[in-house]
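*Asks:* Got a predicted structure plus its sequence, pasted below:
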Amino acid sequence: MRAEGIGKRFDVGGSPFTALEGIDLTVREGAFATLIGPSGCGKSTLLRILADVVQPTTGTVEVFGRTPTQARKAAEFGFVFQDPVLLPWRSALANVELPLQVAGVPKDERREQARDLLRLVGLEGFEKALPAKLSGGMARRVAIARALILRPRLLFLDEPFNGLDEIRRRQMNDELQRIWLETGTTAILVTHNVSEAVFLSDQVFVLGRGPGRIIAELEIDLPRPRTAETMLLPEFTAYEQRLTDLLTEVYREIEP
Ligand SMILES: Nc1ncnc2c1ncn2[C@@H]1O[C@H](COP(=O)(O)OP(=O)(O)OP(=O)(O)O)[C@@H](O)[C@H]1O
């Protein structure tokens, strides 16, 4: 996907506020890309523009040769939000199959696909569980399974592991990498977490603020699948340090 000259102005209490300006980015097909930057730099807004949820004020987006609206209508997008937003009265399986139900897919077929996906996200045996019975990590896996059920070419993830402790977050990063490798989808993640960005990504876009813009792009060239051992490699630590330095610069610009 390619975005060119993306800008976004909001009307805040009658005055214009420029949230994003001059954003150019290209995410390779099949890559795992991450947007990282300080709070309020426009990461979520940019993700929503790429996903056709919000319209840009300037610029264009092209997704596999289509406009974002065409791609969204062709069900090429999957979305995982910060909050898993599961329907509390539906079982894990029924939550995952919902997009297929809406699309009118017969019951047996959608059940089978939902079951396969729950297995893929490591929740075999929890098909009948209601969301209230699931841990935070499990609920997020259900949300990822639901986002994958229409077999999207592009998966958008907006801080999906916020609020999980460090160990759970690492487990979810492992799972997400495995799922991404198995499905071959292109993924775009928003995060604040430097290790998460390095662990998961092929491409990292660092955003600065005032207005939101891309200040650096980092290629993470580490073999897959990445593991706990990968995180101990000097190359891994060097990428973390480089990213931390870039973010420190950005924070210094905001609050010297
Ligand atoms: N609908 C809106 N109307 C007015 N201003 C908005 C709107 N949506 C976002 N903004 C503003 O645009 C800026 C970017 O917001 P956005 O949520 O995209 O940032 P972010 O980098 O994702 O932040 P965080 O990391 O805290 O989630 C913020 O200053 C925010 O207040």
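*Replies:* Done, it's in.

*Asks:* element containing the spatially most central residue of the chain?
*Replies:* In the chain, the residue lying closest to the centroid (C-alpha atoms, centre = their mean) is residue 157, at 1.9 Å. Per DSSP states H and E: residue 157 is located in strand 154-158.

*Asks:* mind listing the helices for the protein?
*Replies:* 43-50, 68-73, 92-102, 107-120, 136-148, 166-183, 194-200, 234-254 (DSSP state H).

*Asks:* For those helices, could you give me CSV that also reports mean pLDDT, distance to the ligand and mean neighbour count?
*Replies:* To be clear about C-beta, it is placed using only N, CA and C from the backbone, and glycine gets the same treatment. Below are the helices of the chain laid out as CSV (pLDDT from 0 to 100; distance: least, C-beta to the nearest ligand atom, whole Å; neighbours: other C-beta atoms under 10 Å):
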stretch, mean pLDDT, distance to the ligand, mean neighbour count
helix 43-50, 95, 3, 22
helix 68-73, 91, 17, 17
helix 92-102, 93, 25, 21
helix 107-120, 92, 27, 17
helix 136-148, 90, 17, 23
helix 166-183, 88, 16, 17
helix 194-200, 97, 13, 23
helix 234-254, 93, 11, 14
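
*Asks:* Compare those and report which one is nearest to residue 228.
*Replies:* The minimum distance between residue 228 and the helices of the chain falls on helix 166-183, with 7.7 Å, by C-beta to C-beta.

*Asks:* And that closest one, what does it pack against?
*Replies:* For helix 166-183, the packing partners by 3 or more C-beta pairs under 8 Å, 6 or more residues apart in numbering; DSSP states H and E come out as helix 107-120, helix 136-148, helix 194-200.

*Asks:* angle of it against strand 154-158?
*Replies:* Interaxial angle of helix 166-183 relative to strand 154-158 (axes from the mean of the first three to the mean of the last three C-alpha atoms, to 10 degrees): 170 degrees.

*Asks:* Let me see the residues that make contact with helix 166-183.
*Replies:* Helix 166-183 is contacted by residues 32, 120-122, 136-137, 140-141, 144, 148, 151, 155, 157, 160-161, 164, 187, 193, 196, 199-200, 224-228 when judged by C-beta atoms under 8 Å, 6 or more residues apart in numbering.

*Asks:* No further queries at this time; thank you.
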